[in-house]
Each structure stands twice: as C-alpha cells, then as structure tokens.
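Peer 1: Just to be clear, the model below is a prediction. Sequence and coordinates:
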Amino acid sequence: GTPNPSTSTQLRAEIGETGIAFENVAREWRCKYTAGPSGGPGDSDSLKECQALLSEYLPKLKDLPGAKVTRQVCGGCLDFKVSIVQPLEEH
C-alpha cells in the first residue's frame with residue numbers, strides 16, 4: 001500500500017538494542033490523596049486540592065505543542081495522576 005505521510009515522516013527514537021522504538025514522550029505526575037471523612041474520594045479535601053492545582057496549570061499544559069493531557073483518579077488506591085503526552089518532535 002501507499003505509505004501514510006503522517007506516520008512516515010514522524011520522528012522515532014530507539015532505546016539502544018532493546019527493540020523498543022517510540023514516537024511520543026509521556027510524563028506522568030502522580031500523587032496520593034487522602035480519603036475524606038466518609039472513607040472515600042467524594043468528600044476528600046486533598047483530592048479537591050489536587051484538582052484545583054491541575055485546573056490552575058491545565059491551560060499551560062494544553063498549550064504545549066501537540067500535547068494531550070489526561071487525568072486519572074483511583075478511589076481504591078487513592079491515586080491522582082496526570083499524563084502529558086507529546087510527539088517526540090515537539091518534546
């Protein structure tokens with residue numbers, strides 16, 4: 001078939017001789033929050049603070065070239081994670 005121009009010109013990097021190659025770079029910010037008085041995330045003050053901090057920086061993160069930002073919250077292990085993925089050529 002015909003090569004797809006959007007993928008054939010992407011910058012790729014390899015990690016030594018591992019056979020691992022990649023086109024995107026990801027950074028993850030991870031922290032633990034404390035459960036609220038109910039024992040869960042729904043009334044957690046620290047989870048609210050995590051979200052407020054993300055809301056403060058989200059516009060700047062989204063302005064990074066080609067960046068995709070996702071947030072993950074786990075009510076079981078009390079993780080609050082933010083992932084920022086960028087194409088290698090923009091990182």
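Peer 2: Okay, I see it. Numbers count the residues shown, from 1 in each chain.
Peer 1: what's the following helix or strand after the longest helix along the chain?
Peer 2: In the chain, taking DSSP state H as the definition, the longest helix is helix 45-62. Proceeding N to C from helix 45-62, the next assigned helix or strand is strand 68-74, under DSSP states H and E.
Peer 1: Relative to the next helix or strand after that next one, what are the paired strands and their orientations?
Peer 2: Sequence-wise, the next helix or strand downstream of strand 68-74 (DSSP H and E) is strand 79-87. Using DSSP bridges, the strands paired with strand 79-87 are strand 24-32 (antiparallel), strand 68-74 (antiparallel).
Peer 1: Not counting residues beside it along the chain, what's closest to Ser29?
Peer 2: Not quite, residue 29 is Trp, not Ser. Nearest residue to Trp29, sequence neighbours excluded (CB to CB, 6 or more residues apart in numbering): Val82, at 4.5 Å. (C-beta placed from N, C-alpha, C; glycine too.)
Peer 1: Now for the one you found, how many residues are close by?
Peer 2: 19 (other CB atoms under 10 Å).
Peer 1: need the contact list for Leu64.
Peer 2: Shown in contact with Leu64 (CB atoms under 8 Å, 6 or more residues apart in numbering): 84, 86, 90.
Peer 1: So among the residues you listed, which ones count as buried?
Peer 2: Of the members of the contacts of Leu64, the ones counted as buried by neighbours, 16 or more other CB atoms under 10 Å, are 84, 86.
Peer 1: Distance-wise, check Lys60 relative to Leu54.
Peer 2: Here the distance between Lys60 and Leu54 works out to 11 Å (CB to CB, to the nearest Å).
Peer 1: Which residue of these two possesses the greater neighbour count?
Peer 2: A count of neighbours by other CB under 10 Å puts Leu54 above the other of Lys60 and Leu54, at 15 against 9.
Peer 1: what pLDDT does Gln72 get?
Peer 2: Here the pLDDT value assigned to Gln72 is 97.
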